[in-house]
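Enquirer: show me how the following folds:
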Amino acid sequence: DPAGDNWRALAPLPTRRGSPVAVTVGDRMLVIGGAVTAPNQSAVHPARPHLSTGAVEEYDPATNTWWSRTVMPTPRNHATAGVVQGKVYVVGGRVGGAFVTSGSSNVGVVEEYDPATDQWGAPKARMPSARSAMAAGVHGGRIFVSGGEGHDYRSMFTWRALEAYDPATNTWATRPSMPVPRHGLAGAVLGNRLHMVSGDVQSAGS
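Expert: Residues are numbered from 1 along each chain as shown. Predicted coordinates:
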């Protein structure tokens, strides 16, 4: 509670997971995707079996309750998301493992979810730079995605790219890159400015 500057415990998320995305639509919160433990495992860890999930769970703060919604078609973790015109767009992320060193692959997949009908639509235009652990903010009906982590057979690296998705036209545009490449950062729009905060300038694998 920012007004009272205090915290209190609420009903726990039904599906324990790491690196999901959370968005607000109206007066509800949706938690989507992430990484979950394999059977008989106690934690998501790079040396232990784990997997991505497409779980979608909705929280109602008025009643302090959760319920399951239709799963995301592409299970993934370390994605980002934005809400435009009441619809949720989940962008990028990792399939497979949760760690860049554990058999994961970055994807440029963009999928649209309509909370009103509890349905996922057909895949949208892929983001130009497939990456994970990015941050995003919504402004002017577009979703701005910056930073991220990537790897190929030669190296592991961080991104400085800023790309904007317009759901109205289902197109991407490249915008000026961040001065400092990083992943695991946070993003928010305040007024008419996109703020990108913190992050790691090195890939987790390097």
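Enquirer: so where's the protein shaky on pLDDT?
Expert: 102, 205-206 (pLDDT under 70).
Enquirer: now the residue most central in space within the chain: closest residue in space, sequence neighbours ignored.
Expert: Residue closest to the average C-alpha location in the chain (Cα atoms, centre = their mean): Thr80, at 2.4 Å. Using Cβ to Cβ, 6 or more residues apart in numbering and skipping residues adjacent in sequence, the residue nearest Thr80 is Ala136, 4.1 Å away. For the C-beta atoms, the positions are set from N, CA and C on the backbone; glycine is no exception.
Enquirer: ok, the helix or strand that contains that neighbour: who's next to it in the sheet?
Expert: Using DSSP states H and E, Ala136 sits within strand 135-139. Looking at strand 135-139 with DSSP bridges, its partner strands are strand 142-146 (antiparallel).
Enquirer: what's the next secondary structure element after the strand it pairs with?
Expert: Using DSSP H and E, the helix or strand that follows strand 142-146 towards the C-terminus is strand 149-151.
Enquirer: please state the offset of that next one from the chain centre?
Expert: Relative to its chain's centre, strand 149-151 lies at 15 Å (Cα atoms, centre = their mean, to the nearest Å).
Enquirer: any buried residues in the next helix or strand after it, and which?
Expert: As assigned by DSSP H and E, the chain's next helix or strand after strand 149-151 is strand 156-158. For strand 156-158, the neighbour count (16 or more other Cβ atoms under 10 Å) marks Phe157, Thr158 as buried.
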